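Chemist: Just the structure for this:
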Amino acid sequence: MTPAPDTGSAVKTFHDAVRLIGTRRFGVFWVTTLMSNIGFWAQQVAQPWLLLSIGASPFLVGLDACAMDAPVLLLTLPGGILADEADRRRVIALFQSIQMLSATLLVALLWFGAIRIWMVIAISLVIGITDALSMPSFQSIVPSIVASEEVSTGLALNSTQFNLSRILGPAFAGVLMTSIGLIGCYTVNAASYLPFIFVALWVLPRHDRAVFTRSAFDVPHLFKGLRHIVQDQEIREALRTVLITSVLCGPVATFCPVLVKMALHGNAVLFSTSIGAFGVGGLCGATGSLLVGRSSNRRRIAMVFTAIFGAIVTACALNPWPWTLPVLMMLAGLCMSISNTSANTCLLTTVQNDMRGQAVSLFMMAVRGGASLGSLATGMSVDLFGVRAALFINGVLAIALVLILGRKLPKIAAPALSVDHLRAADDAAGPGKAAFP
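Modeler: The predicted structure follows:
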């Protein structure tokens, strides 16, 4: 017999969300992060359109996206250690300042008419490197400023503001691109960093550790903690689901301008509307995640919505009508938001605080590292077969992988992991022996 939905718990979670966003620290953090992400998405809408306008091929559009995401594969793990053992306030301030300077440089290059394709890609690589090193610290902010029982609510609210920015940012970009031009999008992004940097310095706890500690790049320490984390079957399943979403389904957003311009013969208005609709769907998905009861199986929810996402990517590839693309993109955003929020909640509520930065680094590797691989592979596929065929292949593969991996879902989650568990296991194994097979 199917259990009745936990309606009371869902309503209570919604009320908790309203109360949490009204608190001083979380509320101010939420608003300034929203402002920063609006600037980010304004630039993200402008950048592929800029590349196509100055003669870039679809492969180079994918390479630019890969340059921004690929550093995650090498640098997010050290970034996770930094989040656990360094001063997160200084880590965020340093790397976000470099990103602000990068956006300012793009403004200058556009202003003087000196912009080149290789320059855009090189700056994307710089932003990707700083993102990889700072995102685990950023992702650790919410668990640091809310109570442990409010972590899932805080993460869902954080996902809500991110997806709200995916609505407002592209809408703002559409206005700027048709009035001021592409330079307006980059200017807004550069200015949006300042409030976030100041607030991050305020809301995060202070401590006396240096920014770069020796253990941040201690390889044995790094992999010992990570191996202990991935022993948890719950975490492995969540990360696999996120990886499928990022590699195979996420490129529908990256190659949306190519789909609009080359397959549907649309303009910048259709593109910005479609990306904005993706944000609308993401916002609805994040809001829906707030109403999911705490006893729900979030791992299974993530897997189901990843399969639906794959079906929508396939529909985008086959769709012949420009006016239906925003509708499909809205559904895609909803599925991506619910899937990733559910997987992230599963991950961060399984590990304890002293290993949360490393757990976040694994999640970011799956999200951003997977996106880099997906962008590069899909870019090659678009050049070889066309954008419709490439997205169709991605969607079918995503559905197939979810069906294969979903056949043997674990039923019982392992207990929360921490450094104390790791040390106890090593002590039990004896001197000079690892606690892992």
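Chemist: Could you measure from I54 over to A173?
Modeler: Look at I54 and A173: by C-beta to C-beta, to the nearest Å, they are 17 Å apart. Any C-beta I mention is one placed from the backbone N, CA and C, and that applies to glycine too.
Chemist: which of the two has more neighbours?
Modeler: Legend: neighbour count by other C-beta atoms under 10 Å for I54 and A173, higher for A173 (30 against 12).
Chemist: contacting residues around that one?
Modeler: Listed by C-beta atoms under 8 Å, 6 or more residues apart in numbering, the contact partners of A173 are W41, A42, Q43, V45, A46, C185, S272.
Chemist: rerun that using 10 Å as the cut-off
Modeler: Counting by C-beta atoms under 10 Å, 6 or more residues apart in numbering, A173 makes contact with 38-39, 41-47, 49, 182, 184-185, 188-189, 268, 271-272, 275-276.
Chemist: Buried ones among these?
Modeler: 38-39, 41-47, 49, 182, 184-185, 188-189, 268, 271-272, 275-276 (16 or more other C-beta atoms under 10 Å).
Chemist: what's near enough to touch G285?
Modeler: 156, 159-160, 163, 305, 330-342.
Chemist: what do you get if the cut-off is 6 Å, keeping everything else the same?
Modeler: Counting by C-beta atoms under 6 Å, 6 or more residues apart in numbering, G285 touches L334, S337, I338.
Chemist: now swap in F392 and tell me
Modeler: Taking C-beta under 6 Å, 6+ apart, we find F392 in contact with T314, A317.
Chemist: what about it, helix or strand, and which?
Modeler: Here F392 sits within helix 387-405, counting by DSSP states H and E.
Chemist: Can I get that helix as CSV, trimmed to CA atoms?
Modeler: Presented in CSV, the C-alpha positions along helix 387-405 are these (Å, rounded to 0.1, in the frame of the first residue of the first chain):
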residue,chain,number,x,y,z
VAL,A,387,22.7,20.4,-33.6
ARG,A,388,19.4,18.4,-33.8
ALA,A,389,21.1,15.0,-34.2
ALA,A,390,23.6,15.8,-31.4
LEU,A,391,20.9,16.7,-28.9
PHE,A,392,18.8,13.7,-29.9
ILE,A,393,21.7,11.3,-29.2
ASN,A,394,22.3,13.0,-25.8
GLY,A,395,18.7,12.6,-24.7
VAL,A,396,18.4,8.9,-25.7
LEU,A,397,21.7,8.1,-24.0
ALA,A,398,20.5,9.9,-20.8
ILE,A,399,17.3,7.9,-20.6
ALA,A,400,19.1,4.6,-21.3
LEU,A,401,21.7,5.2,-18.6
VAL,A,402,19.1,6.1,-16.0
LEU,A,403,17.1,3.0,-16.7
ILE,A,404,20.2,0.8,-16.4
LEU,A,405,21.5,2.5,-13.2
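Chemist: Name the residues that touch stretch 106-117?
Modeler: With contact meaning C-beta under 6 Å, 6+ apart, stretch 106-117 is reached by A56, I183, Y186, T187, A190.
Chemist: Can you tell me which of the residues you listed is nearest V280?
Modeler: For those, the minimum distance to V280 (C-beta to C-beta) is 24.1 Å, reached by Y186.
Chemist: Report the separation between that closest one and L405.
Modeler: For Y186, the distance to L405 equals 40 Å [C-beta to C-beta].
Chemist: quick one, which of these two is more surrounded?
Modeler: Neighbours per residue, other C-beta under 10 Å: of Y186 and L405, the larger number sits with Y186, 27 against 15.
Chemist: In three-state terms, label the more buried one for me.
Modeler: helix (DSSP: H, G, I helix; E, B strand; the rest coil).
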